[in-house]
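> have a look at this prediction, sequence included:
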Amino acid sequence: MGNNFFSFMEKTLMGPMSKLANQKHLLAVRNGMISTIPLTIVGSFFLILASPPLSPAFLKSIDYANKYGMNFALVFRLSMGIIAVFATYNIAYYLAKSYNLDGVSAGTLALVAFMMTQIPLFLEFTLKNAAEPTKGWVIPMSNLGSAGLFGGIIIAFFAVETLRFFKEHRLVIRMPDGVPEAVGRSFESLFPTIFVVVVVYIISIHFGFDIHKFLYGFFKPLISLVNHPAGVIVIVFLVTLLWACGIHGVAIIGSVARPIWLILLDQNGAALEAGAKVLPNIGAEPFYQWFIWIGGSGCTIGLLILMVFSKSKQLKSLGRIALLPGIFNINEPIIFGTPIMLNPFLIIPFMLAPITTALLSYFAMAANMVSRVSTLAPWTFPGPIGAYLATNGDFRAVILVFINIAISTIIYFPFFKLYEKKLIAEEKINSEVKTAD
């Protein structure tokens, strides 16, 4: 029955999910968002410096916020705080490359269109240490960060598809041979640039339509769902189900969820910078990384511990080899070597363990027993260290990680023993055959 189920799931999911994983627009979003991770990590660490996990009384006594905190916060604002700017360019770049178009031209066009949706304000203000007030145009930063991600994605798609349409229909200026390639590319993108700029001008400036406000409002129910425990469970279930069928679950689900995760994380970062004691969101990406995917997808750290002490030679050998990568959240040796993929013995705990740790962690944070995540630490950090950094230095997060590891081990144990018993029997038969030979 188990084999029939997995055969059905493989036939049902493998084809559509493989096509989805290779869909050009989703790949562009995934690659474009992933390329912003270094900026997010750096910005997150400067946010920790801007609001360090130290005694408020001590920080106030040395006037930390004014002397140091504001300057550290600037790095956060100019990296993670304008993440939509970088994401828009990168998404357009990767999508253009998938069509064999010039990525730089596409990224530049998308960035111009995106900036045209940011209506500047004419203000009179006084700069720091300035004697007199200054007048000038100011671009509000509210839609340059995570709030502008949905708009940036749509604009990137629009810019690249316009370039592709004009090129496929030969509606471009073609320069003669001998003209430098950079010059030729510039003139080739002239007509599509005019078209995109005019369209965005009419919509955004002439009619005053705020695409970012519209899209954020449109996707707000989805954002709320992702931040709800039901949404967390659905994401965990889908990721582990896809992995069980041999499909990279995080790559597919993350392509869709990562913009929302970044919005939730950015809102938490802004709240932390503003001095909030309780952050608004729980279901941001670091929540999954440090409290659910401990040791990798499926919370396989518990399984890894059991394998290291296994009586099966195969499992013990693999466990020792995979121990170091597992500590740093790399569990492909476990998924494909054990294997967990299409394995009726281990697929249930592979899905059950992360769902259990997700629920426990979610309600621990909802009850304010553990601080909520506000920063993005490198995913290869060991779980306790990553959790400590992601929660801005909350030692209770470290305790929760160890509790989740214990829960994972307990859930895997009965299923592991059944699988171990089967392998020991097979190893005994193989040993007897070799002895007979």
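Received, thanks.
> what's the spacing between Glu124 and Gln118?
Using CB to CB, to the nearest Å, we find Glu124 at a distance of 20 Å from Gln118. Every residue, glycine included, has its C-beta placed from N, CA and C.
> same check on Asp394?
36 Å.
> secondary structure element for the closest residue to Ser189 other than its chain neighbours?
Nearest non-adjacent residue to Ser189, counting by CB to CB, 6 or more residues apart in numbering: Ser105, 4.4 Å away. Under the criterion of DSSP states H and E, Ser105 resides in helix 103-116.
> and that helix, what does it pack onto?
Applying 3 or more CB pairs under 8 Å, 6 or more residues apart in numbering; DSSP states H and E, we find helix 103-116 packed against helix 83-98, helix 149-168, helix 181-188, helix 190-200.
> same thing but at 6 Å, please
If contacts are counted by 3 or more CB pairs under 6 Å, 6 or more residues apart in numbering; DSSP states H and E, helix 103-116 sits against helix 83-98, helix 149-168, helix 190-200.
> got the angle between the shortest one and helix 181-188?
Just to be clear, that refers to helix 190-200. With axes from the mean of the first three to the mean of the last three CA atoms, to 10 degrees as the basis, helix 190-200 and helix 181-188 are set at 50 degrees to each other.
> can you tell me the average pLDDT over the following helix or strand past helix 190-200?
Counting by DSSP H and E, the next helix or strand C-terminal to helix 190-200 is helix 211-226. Mean pLDDT, helix 211-226: 90.
> repeat for stretch 184-191
In this model, stretch 184-191 has a mean pLDDT of 80.
> ok, residues contacting it?
With contact meaning CB atoms under 6 Å, 6 or more residues apart in numbering, stretch 184-191 is reached by 102, 105, 166, 171-173, 175.
> buried ones in it?
For stretch 184-191, burial by neighbour count (16 or more other CB atoms under 10 Å) applies to 184, 186, 188-189, 191.
> what about Arg372, helix or strand, and which?
Assigning secondary structure by DSSP H and E places Arg372 outside every helix and strand.
> still on that earlier bit, tell me the angle the helix holding Ser105 makes with helix 149-168.
If you take the same axes, to 10 degrees, helix 103-116 sits at 130 degrees to helix 149-168.
> got the angle for helix 103-116 vs helix 83-98?
Angle of helix 103-116 versus helix 83-98, following the same axes, to 10 degrees, is 150 degrees.
> mind giving me the packing neighbours of the next helix or strand after helix 103-116?
Next along the chain after helix 103-116, taking DSSP H and E as the criterion, comes strand 121-125. Under the contact criterion of 3+ CB pairs under 6 Å, 6+ apart, strand 121-125 touches strand 134-138.
> sheet-wise, list the partners of the strand it packs on with their directions.
Taking DSSP bridges as the criterion, strand 134-138 forms sheet pairs with strand 121-125 (antiparallel).
> pull the strand it pairs with out as PDB, backbone CA atoms only.
C-alpha atoms of strand 121-125 as PDB (Å, rounded to 0.1, in the frame of the first residue of the first chain):
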ATOM      1  CA  LEU A 121       7.700  65.000  -2.200                       C
ATOM      2  CA  PHE A 122       8.900  68.600  -2.100                       C
ATOM      3  CA  LEU A 123       9.700  69.400   1.500                       C
ATOM      4  CA  GLU A 124      11.500  72.000   3.600                       C
ATOM      5  CA  PHE A 125      13.700  70.400   6.300                       C
END
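> before we move on, back to that, buried subset of the contacts of stretch 184-191?
102, 105, 166, 172.
> using TSV, lay out the residues you listed together with distance to Phe150 and pLDDT.
Below are the buried ones among the contacts of stretch 184-191 laid out as TSV (distance: CB to CB, whole Å; pLDDT from 0 to 100):
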residue	distance to Phe150	pLDDT
Asp102	25	90
Ser105	23	90
Phe166	25	92
Val172	30	79
